[in-house]
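Asks: sequence plus the predicted model coming up.
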Amino acid sequence: MAPAPAGSLAHTGADATPWLIGGAGVLIAAGGGALFAARRRRADNSTDDGSTTS
């Protein structure tokens, strides 16, 4: 009969999945916030009423 192997199974990194998902969520939220701020700033600076007179 062969002896039982010593040690543990290979570490695959599967325990990092919640951190990766959380990080992706933070990046998506930050990108959405930046997009919102940029659009709001552009709308606030827009004073062109479409007229061609000076």
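Replies: Received, thanks.

Asks: when you work out contacts or count neighbours from here on, use the C-alpha atoms and nothing else.
Replies: OK.

Asks: which residue lies nearest the spatial centre of the protein?
Replies: The centroid of the chain falls nearest to residue 27 when counting by CA atoms, centre = their mean (1.9 Å).

Asks: does that residue belong to a helix or a strand, and which?
Replies: Assigned by DSSP states H and E, residue 27 belongs to helix 17-45.

Asks: distance across stretch 10-26, terminal residue to terminal residue?
Replies: End-to-end distance of stretch 10-26: 30 Å, with CA to CA, to the nearest Å as the criterion.

Asks: in that stretch, what's buried?
Replies: When burial is assessed from 16 or more other CA atoms under 10 Å, stretch 10-26 yields no buried residues.

Asks: chain center to that stretch: distance?
Replies: On the basis of CA atoms, centre = their mean, to the nearest Å, stretch 10-26 sits 13 Å off its chain's mean C-alpha point.

Asks: tell me the mean pLDDT over it?
Replies: Per-region confidence: stretch 10-26 scores 90 on mean pLDDT.

Asks: same check, this time on stretch 31-49
Replies: For stretch 31-49, mean pLDDT rounds to 84.

Asks: how close does the residue nearest to the centre of the chain sit to residue 4?
Replies: Using CA to CA, we find residue 27 at a distance of 46 Å from residue 4.
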